[in-house]
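> predicted model and sequence below, questions to follow.
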Amino acid sequence: MAKQLNFRTSASLILLAKDKLKPKGPADYKTLLFNRHEKSTFMPNSAVFPGGVSETTDESPLWYQHFQKFGVTKEQLDTTYAFKGARTGIYKNENPNLLKRELSLRITAIRETFEEVGIMLCLDTNSLRESHHKIYGAFKEDFDRRYWQKVVHGDASKFLTLCEELKIVPDLWSLHEWSNWFTPSTFKKRFDTAFFMVALENVPELLIEPNEVKDYAWKTPLDFLKAYHRKECWLPPPQIYELSRCLNFNELSQIIAYARQHANKGSIVTLPVLYKCTDGQVSLLPGDQMYPTDPYLSQCAIATDKSIEAFRRNVQHLHRIEFFGSHDVVIRMNIEPFVGHVRPVNANPRRE
């Protein structure tokens, strides 16, 4: 059903970095969000994780040849992410000659992160030998990043050229599958997005792309959520949800260890189905008792004459995001998370 929809495949990267200073809060790590420009064609003025649309060059078999130069065979790459769990449609590629989606989506996330904020997650011949044993991702800064950022931003195929010139490969091994979100039907532009997570030992020096990035910040997940509820920034629902999931972990080592082992369990598509209530809006998520059998059939927000509270009343199995206002949001979930994932933690002080 999803293949009949008009959407684009994309990938986002949840970057977590060790906080070297003694943190004031419980978390010993921070994450990166940047604010989109007001002229952005999708989610303007919103604080988002780095990422963007997949390009055909991200799936090019030329990447296999490039990795082969570093002693990594096609078979080794293809079997690295042969997880046992169920795979969502975003990871299915019907053309056997192209790069497997588990690989190409990681390349998309790394390339887009470099284009937007100048972080180049990569490995050289020496660091590649130890990549399977490392917790932290590796990044490179000692090259003309401004020049290459402009080149790759203008032509995605030049990302492979960049890797060839610098004698590096994208650090695919440090990216761990986290979630898969599908844009609701109420948006004209829709994306099927894979979210990956990576841990960094140090905070990189950013180099922002001025046409896409207005500004950025490194904060703990809780601090971002607090800022959102204080109306200091605006977070799209996937960012709210994934930041809320991060609240389960106080230490960077804990969350990455979890992400590494959880990826083998598979994933599901999170496609919100929207309901308009008399005092706000509700996004139903998979597993909610009211969630439709086929969410892809919903073409617009569904109107109801009930309040948010009345719409929730007598519903035993809850998995939904309730929007009482643009900065007054609560996630309600009393079911077991799918594929053993962690549930989001409520950070809205007004909605305990």
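It's in.
> quick one: low-confidence parts of the stretch 251-352 of the chain?
Applying pLDDT under 70 to the predicted model, the residue ranges of the stretch 251-352 of the chain that meet it are 352.
> strands along that one, start to end?
273-277, 280-284, 302-303, 319-325, 328-333 (DSSP state E, counting those that start in this stretch).
> any chance of those in JSON lines, plus mean neighbour count?
C-betas here are computed from N, CA, C, even on glycine. Converted to JSON lines, these look like this (neighbours: other C-beta atoms under 10 Å):
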{"stretch": "strand 273-277", "mean neighbour count": "19"}
{"stretch": "strand 280-284", "mean neighbour count": "22"}
{"stretch": "strand 302-303", "mean neighbour count": "12"}
{"stretch": "strand 319-325", "mean neighbour count": "20"}
{"stretch": "strand 328-333", "mean neighbour count": "20"}
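> could these go into JSON lines alongside distance to Tyr258?
What follows is the strands of the stretch 251-352 of the chain, written out as JSON lines (distance: least, C-beta to C-beta, whole Å):
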{"stretch": "strand 273-277", "distance to Tyr258": "28"}
{"stretch": "strand 280-284", "distance to Tyr258": "25"}
{"stretch": "strand 302-303", "distance to Tyr258": "35"}
{"stretch": "strand 319-325", "distance to Tyr258": "20"}
{"stretch": "strand 328-333", "distance to Tyr258": "18"}
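> which secondary structure state is assigned to Gly52?
The local conformation at Gly52, judged by DSSP: H, G, I helix; E, B strand; the rest coil, is strand.
> spatially nearest residue to it, not counting backbone neighbours?
Spatial nearest neighbour of Gly52, chain neighbours left out: Glu112 (3.8 Å); criterion: C-beta to C-beta, 6 or more residues apart in numbering.
> what does Leu32 give?
With C-beta to C-beta, 6+ apart as the measure, Leu15 is the residue that lies nearest to Leu32, at 4.4 Å, once sequence neighbours are left out.
> looking at this, Tyr64 is in a helix?
Yes - counting by three-state DSSP, Tyr64 is part of a helix.
> show me the contacts for the closest residue to it other than its chain neighbours.
The shortest distance from Tyr64 to any non-neighbouring residue, by C-beta to C-beta, 6+ apart, is to Lys74 (4.7 Å). Remark: with contacts taken as C-beta atoms under 8 Å, 6 or more residues apart in numbering, Lys74 is in contact with Tyr64, Phe67, Gln68.
> find the nearest non-adjacent residue to Thr73, please.
In space, not counting the residues next to it along the chain, Thr73 is nearest to Phe67; the distance is 7.8 Å by C-beta to C-beta, 6+ apart.
> and the one you found, that's in a helix?
Yes - counting by three-state DSSP, Phe67 is part of a helix.
> burial count for Ala227?
With neighbours defined by other C-beta atoms under 10 Å, the count for Ala227 comes to 18.
> what do you get for Pro204?
As a burial measure, the neighbour count of Pro204 was computed by other C-beta under 10 Å and equals 20.
> so Asn95 sits in a helix?
No - secondary structure of Asn95 (three-state DSSP): coil, not part of a helix.
> check it and give its pLDDT.
Asn95 carries a pLDDT score of 87 in this model.
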